[in-house]
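Colleague: Generate a structure from the sequence data that follows.
(one chain, ligands or ions: 2)
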Amino acid sequence: MAKAKGQYRFSFGPWNIDEGADPFGPPVRKPQGLAKKIKMAKKLGFDGVQFHDDDAVPDLDSKSHAEIVKEAAQVRRMLDREGLKAEFTAPRLWFSPETIDGAYTNNNARLRKYAIDRTKICIDINNVLGGSWIVLWLAREGSYVRESKNPRESVLRIRDALDEMLDYDPKVRILIEPKPNEPVDSAIIPTLGHAIGLSYMTIDPDRVGCLCETAHSLLAGLDPSDDMAYALAHEKLKSVHLNDQGGLKFDQDKTFGCHNLRVAFNQVRVLEEYSYGRNGEWVGLDVKAMRTQKQRGNTKHLSTSRERFLFLLEKVCTLDKKLEAQLIAVRDYEELDRYIVCHLMGVKYSG
Ligand code: 3MF
Ligand code: MG
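Modeller: Numbering: from 1, shown residues only. Ligands and ions are numbered 1, 2, ... in the order given. Below you'll find the predicted structure:
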């Protein structure tokens, strides 16, 4: 049964309001603190915030466990005051000197231990924040030089790391956010299919799901709505990072639907058709403002992405399903295509 419209809850992370730096140039906008970003969320129509462990507790490697818990509790109070919820916390395992050559797949045992210890702290922070899951974007679990890492061993090391997390906290739920490349040339877990396969290798597959990001599927040459459908068929689609991407380039994190409205429509459609959100799943928007954007309007990409999701939801709900079924029954897919495009463009369709 289709879910009533307007019941979606939206979330984003503090990194989605940024200063516009890129590998070729410095920041162009003023930084805004976490407290300010949390305050802005509600006004922008969002109900949830996503975190990296060190978004909630900056410089956490230099702090005691008690200090970490105390600071996380302060962030929890900020959220409570605004009527917001934490969606998830993700360990930032790609920034420190310890994770230059990867986290769970690092060739050095001492550095692999750093990654596990840091993840356990992230789980503790998430519990204080009240987040539903932890998210693993396996940023540096891969190689630049094929021979530098054992790819089979790496899969088993990531599995062992997942098992250790599941064992550490019997309630923790883990989502894998796969991405085929960037920053590494070649990722060990590049797609949702890999992530789901890996989940079944763990000691508790029911607590391991996935997060599908539009741009990451596109970078793997896949259709994001098909990827979502695949994860839905496994009952493992627990979060999404909607955005857009102009083909096989760097990860652009463009405003949802700005590049390919039809691909965006099909993502909204598959989520709506299978009642995504009914069990507390959020619609996350992992979008970035263009570097050209001035300070004013530095959150427009967030409100526009949300607005576009809702416009497309309207298109999903007003699609003539009977006509669609008739055209499928007679195998007139040319006509089906014509109808869908008329519908999306808002022009009158005459059969
Ligand atoms: C990279 C990403 C990341 C993750 C984030 C939370 C910085 O391409 O998409 O954003 O979404 O780390 O898992
Ligand atoms: Mg993402």
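Colleague: Residue 135 against residue 93, yeah?
Modeller: No - when contacts are counted by Cβ atoms under 8 Å, residue 135 is not listed as touching residue 93 (11.3 Å). Where you see a C-beta, it was placed from the backbone N, CA and C, and this is true even at glycine.
Colleague: So between these two, which is more surrounded?
Modeller: residue 135 (28 against 25; other Cβ atoms under 10 Å).
Colleague: any chance you could map the strands in the protein?
Modeller: For the chain, the strands defined by DSSP state E cover 10-12, 48-52, 85-90, 133-137, 142-143, 174-177, 186-187, 208-213, 237-242, 282-285.
Colleague: a markdown table for those, including distance to residue 231?
Modeller: As requested, the strands of the chain are exported to a markdown table (distance: least, Cβ to Cβ, whole Å):
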| stretch | distance to residue 231 |
| --- | --- |
| strand 10-12 | 18 |
| strand 48-52 | 18 |
| strand 85-90 | 16 |
| strand 133-137 | 14 |
| strand 142-143 | 21 |
| strand 174-177 | 10 |
| strand 186-187 | 17 |
| strand 208-213 | 5 |
| strand 237-242 | 4 |
| strand 282-285 | 14 |
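Colleague: just so I know, which of the ones you listed lies nearest residue 159?
Modeller: strand 208-213 (9.9 Å; Cβ to Cβ).
Colleague: so what's residue 351 scoring on pLDDT?
Modeller: On pLDDT, residue 351 comes in at 86.
Colleague: how many neighbours does it have?
Modeller: Neighbour count of residue 351, defined by other Cβ under 10 Å: 9.
Colleague: That one and residue 343, how far apart?
Modeller: 12 Å (Cβ to Cβ, to the nearest Å).
Colleague: wouldn't residue 83 be in contact with residue 39 here?
Modeller: No - with contacts counted by Cβ under 8 Å, residue 83 stays clear of residue 39, the gap being 11.4 Å.
Colleague: If you count surrounding residues, which of those two has more?
Modeller: A count of neighbours by other Cβ under 10 Å puts residue 39 above the other of residue 83 and residue 39, at 15 against 9.
Colleague: if I pick the more buried one, what's in contact with it?
Modeller: residue 82 (Cβ atoms under 8 Å, 6 or more residues apart in numbering).
Colleague: Can we start the residue count at 58 from this point?
Modeller: That works, and once the first residue is 58, the last one we named lands at residue 96.
Colleague: so what's it scoring on pLDDT?
Modeller: Residue 96 is given a pLDDT of 96.
Colleague: go on, residue 62?
Modeller: 58.
Colleague: So the nearest residue to residue 158 once chain neighbours are set aside versus residue 239, what's the distance?
Modeller: Of all residues not flanking residue 158 in the chain, residue 164 sits nearest, at 6.1 Å (Cβ to Cβ, 6 or more residues apart in numbering). Distance, residue 164 to residue 239, using Cβ to Cβ: 21 Å.
Colleague: Same check on residue 319?
Modeller: From residue 319 to residue 239 the distance is 25 Å (Cβ to Cβ).
Colleague: How about the residues of the stretch 208-357 of the chain by ligand 1?
Modeller: Contact residues (Cβ under 6 Å from any ligand atom) of the stretch 208-357 of the chain with ligand 1: 234, 236, 270, 298, 308, 343.
Colleague: Tabulate the strands of the chain (a markdown table), appending distance to ligand 2.
Modeller: Shown next, in a markdown table, are those (distance: least, Cβ to the ion, whole Å):
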| stretch | distance to ligand 2 |
| --- | --- |
| strand 67-69 | 10 |
| strand 105-109 | 9 |
| strand 142-147 | 9 |
| strand 190-194 | 6 |
| strand 199-200 | 16 |
| strand 231-234 | 6 |
| strand 243-244 | 14 |
| strand 265-270 | 4 |
| strand 294-299 | 4 |
| strand 339-342 | 8 |
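Colleague: Let's have those in a markdown table, adding mean pLDDT.
Modeller: Output for the strands of the chain, formatted as a markdown table (pLDDT from 0 to 100):
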| stretch | mean pLDDT |
| --- | --- |
| strand 67-69 | 98 |
| strand 105-109 | 98 |
| strand 142-147 | 98 |
| strand 190-194 | 98 |
| strand 199-200 | 97 |
| strand 231-234 | 98 |
| strand 243-244 | 97 |
| strand 265-270 | 98 |
| strand 294-299 | 98 |
| strand 339-342 | 98 |
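Colleague: Can you report how many residues lie near residue 213?
Modeller: Using other Cβ under 10 Å, residue 213 has 13 neighbouring residues.
Colleague: Which pLDDT value goes with the residue nearest to residue 158?
Modeller: In this prediction, residue 164 carries a pLDDT score of 98.
Colleague: gap between it and ligand 1?
Modeller: Residue 164 sits 23 Å away from ligand 1, going by Cβ to the nearest ligand atom, to the nearest Å.
Colleague: Report the residue ranges of every domain in this structure.
Modeller: 67-375, 376-408 (automatic domain parsing).
Colleague: Can you tell me which of the ones you listed is most buried?
Modeller: domain 67-375 (a mean of 19; mean count of other Cβ atoms under 10 Å).
Colleague: Run the chain-centre distance for that one.
Modeller: The chain centre lies 4 Å from the centre of domain 67-375; the measure is Cα atoms, centre = their mean, to the nearest Å.
Colleague: you'd agree residue 104 is up against residue 144?
Modeller: No - the criterion here is Cβ under 8 Å, and residue 104 misses it with residue 144 at 9.2 Å.
Colleague: Quick check: neighbours shared by those two?
Modeller: Jointly contacting residue 104 and residue 144 under the rule Cβ under 8 Å, 6+ apart are residue 68.
Colleague: Could you measure from the nearest residue to residue 206 once chain neighbours are set aside over to residue 218?
Modeller: Once flanking residues are discounted, residue 206 sits nearest to residue 200: 4.8 Å by Cβ to Cβ, 6+ apart. As judged by Cβ to Cβ, residue 200 and residue 218 stand 17 Å apart.
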